[in-house]
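[1] Coordinates only, no sequence provided:
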């Protein structure tokens, strides 16, 4: 289910969050403290999970976030942006020369919802391609795919297989201890 109207961010709030994300990275690179954002509305102060994705010419350059609303949204976005730029283990830290060509995208998450599925077939039948993000945990392993990943993996079977592989599990893994949670995201990015 998509976020309800009361939690859906307006275009102005989206622009404000994108500005916060970019300013957080710029401040971090300059070794300065980021100035406190002005006039934060209720939705930007609400505790929500969020991911920030950085791309360069449509290629992934960093993506980090939090599934849980442990802090106000504007702080979660600033922290995720700094982490995506400098602490994503898949990439070297972003440098100042690259920053102008980087596109910021934010996914603001709904709360996690337990997804009971006794079988793999039940899981596949319950997933909503293009709508649901999925978090899976088993045997000390954990991985998630944001709803946006459906664009690259539109088949539920492949989506689940690749998520299991991302978690370090075999692609056909299934067990009674597998914990599944779904969530939705409002995604938006710089033009």
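    Arrived safely, thanks for sending. Since we're looking at a predicted model, the values are computed, not measured.

[2] List the contacts of the spatially most central residue of the chain.
    With distances taken as CA atoms, centre = their mean, the residue of the chain nearest its centroid is residue 51 (3.1 Å). With contact set as CB atoms under 8 Å, 6 or more residues apart in numbering, residue 51 has these partners: 63-66, 80, 106-107, 109, 146, 185. In this view, the C-beta of every residue, glycine as well, is placed from N, C-alpha and C.

[3] Hmm, residue 62 is touching residue 53, no?
    Yes - Residue 62 is within contact range of residue 53, at 7.3 Å (criterion: CB atoms under 8 Å).

[4] what is in contact with the two at once?
    residue 84.

[5] quick one, what contacts residue 135?
    So, once contact is read as CB under 8 Å, 6+ apart, residue 135 ends up touching 67, 112, 142-144, 180-183.

[6] Now that we have these, which of them are buried?
    Buried subset of the contacts of residue 135 (neighbour count, 16 or more other CB atoms under 10 Å): 67, 112, 143-144, 180-183.

[7] Turn those residues into JSON lines, columns for secondary structure, distance to residue 14 and pLDDT.
    What follows is the buried ones among the contacts of residue 135, written out as JSON lines (DSSP: H, G, I helix; E, B strand; the rest coil; distance: CB to CB, whole Å; pLDDT from 0 to 100):
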{"residue": "67", "secondary structure": "coil", "distance to residue 14": "20", "pLDDT": "96"}
{"residue": "112", "secondary structure": "coil", "distance to residue 14": "22", "pLDDT": "96"}
{"residue": "143", "secondary structure": "strand", "distance to residue 14": "27", "pLDDT": "97"}
{"residue": "144", "secondary structure": "strand", "distance to residue 14": "22", "pLDDT": "97"}
{"residue": "180", "secondary structure": "strand", "distance to residue 14": "29", "pLDDT": "98"}
{"residue": "181", "secondary structure": "strand", "distance to residue 14": "25", "pLDDT": "98"}
{"residue": "182", "secondary structure": "strand", "distance to residue 14": "23", "pLDDT": "97"}
{"residue": "183", "secondary structure": "strand", "distance to residue 14": "19", "pLDDT": "97"}
